[in-house]
Structure formats: C-alpha cells, structure tokens
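**Q** the amino acid sequence is not available; the structure is as follows:
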C-alpha cells in the first residue's frame, strides 16, 4: 500500500509527534508499504492516510475524506486532542474523529475522553522503545533524577525543580532536565530557577542518544505533565529499566497501570517532594518500582508495536485498499 502519514511537526523537529511518525513509517516500510511523511496533504494519491493529531491535522483530514471517501483514514489521537482540543475546539476535532475509519490511541484509558459512538473504531498501539546499547551505570556521587520534556505548559516542566528546593543538606538528589523552551518566557524561568536552586540543572535540547545515556546513569525519571496522550518517554524509561515517578494523569496511568506505586497528584509539589525523598532513602520502595517497570517493559517492545500496526491495517476495509 501507499501510505501518507500527516504530522504537524516539521522534519527537523525533536517533538514527540515527528519521532512517532518516523518510527511508525519505519515499521510500515519494513512490512513492504511505501510511506511518505508530510505536514499536510498535497492531494497526491494514497491508499491510506494516517493523521497524527485530530485538531492540528484537521484540514488534511477533511480534504482527504472529502476527495477520497473510499480510502481508509486513521486518526491518531494526541494528548492535546484528548485533553484540550476536544473541549476548546470541538467542531474540527470531533469532525476528524467522526470521519476517521479507525482511531489510534496510545494508552488504555484514552477511550474515556472519546464519544461512546466511536469506541468501536479504537485501537491501542503502545509506543515502543529500543533497549539501551550500553550498560546501566547509575551515578554513585548523587541521586540523579532526569526530566525529559520540552518546557511548555502541558508538561508542568519545573515541578521537579520546585520539589527539590530546600531539601535536607544530607540529600544527594540532583535534577537533570533535558528539553527545549517553548518560548523566551520559559527560557527565563528555567535560567532563573538554576540561579536559586543548586540541585536543578537544565541541559537544554540534546540528541536522543544523550537522553538514552542519561537513562543509564540516573536513578529515576519524573514525568510531571498536566496532560499526555501516552508519553513515549515512559516507554523509553521502562525499557531502559529506569523507575518512573509520574503525575496521576490518565495518560500515565493508562501506561503504567492502576497499581503502580510511583504516582503523585498533579501539580502537588509537596507530594512529589515526599516521593523523591522516599525513593532516595527507601531501598525497598525503589526495588518495588524497579520490579513494576521491568514487568511493564514487555508492553513497549518494538516487535509489539509493529505487530499492532500490522493488525490494524488488516482490519481496514479491503475494498478500499
């Protein structure tokens, strides 16, 4: 089949949508399909469209379904689709959802945000990650916590920094934050934080191999987001054997499970602080988190994600493709 993947992120972007599109394209190409990635549909002929982002890709989605009504359309729901735009921009977002032949979601609780009349369209595809190519060597001098995410409102990116202010002097906690500021205001905030918080170190936007290296050296990862559609950093950390502390949003619970021990209430600095202190000081707690992420790692294997895509394509209307 000839497949077009639409993503709002440009080719040089290190944002999640572009990485997801690139990974999906690799799986589909390995299965023998011809795959192109574009930011918008140029009206060229394709057998199938896969559109990342129901709202941001709404124009391409509407045009494709209008001009190619018999060709399958798969819409992948992002976190901002599920938890923001379906409410703030319902007309275009819901139109994309309704005209889609299939909906892809990235965690098992996403259906709760979607109209019941489209639940039969939903397929869960867990984002995968590759095993680390080098040995795990946790820092001995400090208890390192990595935060991996661009600095924008949805990520609540400075929550971990706030949580480690004024820790006891005996604590060895250090926060290493990797990500690009969304604008100059965020850059000022992060630089100001470093001036007053010696435990917080912002590393900026770095290459993916450097992030993976951080996974091998840190003791924990914190995902402090206000909303996520199924963060790939959870998959990456889990496959890397790195315990995760996460805000208790649906997107993280839908990946790590109801019984995971590493949740704290969204934006609750004190609760996060308490969890980080517990992780540093309580070896049994860390062992429990380790066991839980090791068990979940099987869910995020590349072979699993590739097979889920094969299964989905086989479910498309044969007459159309």
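**A** Happy to help now that I have it. Just so it is clear, the model here is predicted, and its values are computed rather than measured.
**Q** okay, now residue 267: neighbour count?
**A** 13 (other Cβ atoms under 10 Å). Yep, even glycine has a C-beta here, placed from its N, CA and C like the rest.
**Q** could you do residue 67 as well?
**A** 11.
**Q** contacts only, for the closest residue to residue 293 other than its chain neighbours.
**A** Distances taken as Cβ to Cβ, 6 or more residues apart in numbering place residue 238 nearest to residue 293, at 4.6 Å, with adjacent residues excluded. With Cβ atoms under 8 Å, 6 or more residues apart in numbering as the criterion, the residues that contact residue 238 are 129, 244, 256, 293, 296, 297, 299, 300.
**Q** could you check how far residue 238 is from residue 160?
**A** From residue 238 across to residue 160, the span is 18 Å (Cβ to Cβ, to the nearest Å).
**Q** thinking again about what came up before, local confidence estimate at the residue nearest to residue 293?
**A** If you check residue 238, the pLDDT there is 96.
**Q** ok, residue 260 - contacts?
**A** 246, 253, 292.
**Q** and with 10 Å instead?
**A** 243, 244, 245, 246, 248, 252, 253, 288, 289, 292, 293, 296 (Cβ atoms under 10 Å, 6 or more residues apart in numbering).
**Q** residue 115 now?
**A** Residue 115 touches 86, 94, 97, 98, counting by Cβ under 10 Å, 6+ apart.
**Q** and what of residue 107?
**A** 79, 82, 124-127, 228-231, 234, 249-256.
**Q** for residue 53, same thing?
**A** Contacts of residue 53 by Cβ under 10 Å, 6+ apart are 6-9, 17, 60-61, 75-81, 85, 93, 96, 229.
**Q** how near is it to residue 229?
**A** From residue 53 to residue 229 the distance is 9 Å (Cβ to Cβ).
**Q** mind listing the shared neighbours of the two?
**A** 17, 76, 77, 78, 79, 80, 81.
**Q** rebuild the contacts of residue 238 as a markdown table, extending it with pLDDT.
**A** Formatted as a markdown table, the contacts of residue 238 follow (pLDDT from 0 to 100):
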| residue | pLDDT |
| --- | --- |
| 129 | 94 |
| 244 | 98 |
| 256 | 97 |
| 293 | 96 |
| 296 | 94 |
| 297 | 94 |
| 299 | 93 |
| 300 | 96 |
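**Q** which one of those residues is nearest to residue 208?
**A** Sorting those by how near they are to residue 208, with Cβ to Cβ, puts residue 129 at the top with 10.6 Å.
**Q** let me see the contact set for the closest one.
**A** Neighbour list for residue 129: 23, 212, 215, 232-240, 297, 300-302, 305 [criterion: Cβ under 10 Å, 6+ apart].
**Q** quick check: phi and psi on it?
**A** Dihedral angles of residue 129 (phi, psi; degrees, to the nearest 10) stand at phi -150, psi 150.
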